[in-house]
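Novice: Sequence plus the predicted model coming up.
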Amino acid sequence: MDYYCTKKFTELMVHVQGRLLYNCCKAYPERVNLDWLENNPGKLFHTEQMIEDRQAMLEDKSCASCHHGCYKKEEQGLMSHRLLSKTDEFISDPYAPVKELSIALSTDCNLTCIYCSPEWSSSWYKDVDKNGSYKLNGFTLDNDNFTTLWNKMKQKSRSTETKFFKLLLEEIKMANGLEKVVVLGGEPLLHNNLKPLLEQINDKAITVVSGLGVNRNRLENILSKVDNEKVEFRVSAESTEKFFELIRYGASWNSFLENIKVLEDRGFKVTFSSTISNLSILDFDNFYKLFNKDHKIHYNGMEERPFLMPHVLDDKSKENFIANKDLFKDSEMFKDIEKSMNSSYTDLEYKNFIKFLKEFSSRKNIDLSFLPEHFKKWCNL
């Protein structure tokens, strides 16, 4: 097995609220010691653990931090983020500069997107805390895995978070070779540190990844002092109307459109990040028609939950999507989705999807009558 991954050398993610450092977004994180960081300025992006992991890869050895996100899947014969993003680039220097830094300010989020989890959304955490875990066959969604590294931090620890944030800004200034900063959440537009972050990192390309699930006044206030030539917004969305409000529960479709217009009117570049699941497939053509002409659409595969992958779908829904082949003729995305749909779903995947959809909609009192009749029949709704 080839254990090498270029992203381990070029990309890094920091979770500010938890003081966590991810050497690749799928890797198991390490907790940053503030005393160590204060005494070792300029070393945050090249910790001893990070160098050790990179060196192991160069020696074609497995590193523990990558087992959680990639190696474990590959051992089961599944695709991983590492394999999906594989390139021919090879970096031999374990001290190579990080090119792209992702900053997750916190898990604070007012949306419960159907494919998200307590790891990245406080609303998901509250749901599981109140209503209990989602227990499917061979799959449990709960608050008791490694996400407890930050999810159970008390409010009084926010002062520590602020200290780490200030040190992080200094590290970014010292980071030679850093080209791009990506700001994540939760929902970054809810975080009070977003404005100072955008104002102080003015020599890097900046992308804010957001679901735009905030009111217009807050959005306009944040944008008031932001340079629209240096900051772009990558908006998470992949469906319209009631499909949008199901998949991105907690968001209003009309408010979403209003916020898109605010960004456009102020001259910000807007691209979309669309997560392709079996549910988004049902309406993705409408989303594509609405936004593809004026905006670039990036797409994300469904890796974490096999029962939400595009192939776990009734034949009629698959046929309807394939019938739109001409609509997606300029998109490589279509080929990947079509290939995925050619796979047969297992009985386990089918049962888990039905159970999950019913549980999710029941907890939130969502009326699913708008779904296509053939799909509802297949789901026994």
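Specialist: Here it is on my side, so go on.

Novice: S65 in helix, strand or coil?
Specialist: Secondary structure state of S65, per DSSP: H, G, I helix; E, B strand; the rest coil, is helix.

Novice: does it really touch A27, like I thought?
Specialist: Yes: using Cβ atoms under 8 Å, S65 is in contact with A27, at 4.3 Å. Any C-beta I mention is one placed from the backbone N, CA and C, and that applies to glycine too.

Novice: From the neighbour counts alone, determine which of these two ranks first.
Specialist: A27 (27 against 23; other Cβ atoms under 10 Å).

Novice: Can you report phi and psi for that one?
Specialist: phi -80, psi 160 (degrees, to the nearest 10).

Novice: Surely it is in contact with G69?
Specialist: Yes: using Cβ under 8 Å, A27 is in contact with G69, at 5.8 Å.

Novice: per-residue confidence at K156?
Specialist: According to the prediction, K156 has pLDDT 42.

Novice: Contacts only, for L327.
Specialist: D285, Y288, K289 (Cβ atoms under 8 Å, 6 or more residues apart in numbering).

Novice: Mind doing that once more with 7 Å?
Specialist: D285, Y288 (Cβ atoms under 7 Å, 6 or more residues apart in numbering).

Novice: Any idea what Y134 is bridged to?
Specialist: Counting by DSSP bridges, Y134 is bridged to L141.

Novice: since we're on it, how many residues are nearby?
Specialist: Around Y134 there are 18 residues (other Cβ under 10 Å).

Novice: now swap in V235 and tell me
Specialist: V235: 21 neighbours (other Cβ under 10 Å).

Novice: so the nearest residue to it once chain neighbours are set aside, which of the three states?
Specialist: Leaving aside its chain neighbours, V235 sits nearest to F272 (5.3 Å; criterion: Cβ to Cβ, 6 or more residues apart in numbering). Following three-state DSSP, F272 is assigned to strand.

Novice: Distance check, F272 against M333.
Specialist: 12 Å (Cβ to Cβ, to the nearest Å).

Novice: just D53 next, same as before
Specialist: 32 Å.

Novice: Tell me which of those two has more neighbours.
Specialist: Neighbour totals were compared for D53 and M333, and D53 leads with 25 against 17 (other Cβ under 10 Å).

Novice: Surely that one forms part of a strand?
Specialist: No: under three-state DSSP, D53 falls outside any strand and is assigned helix.

Novice: my read: it touches N23, true?
Specialist: Yes: using Cβ atoms under 7 Å, D53 is in contact with N23, at 5.9 Å.
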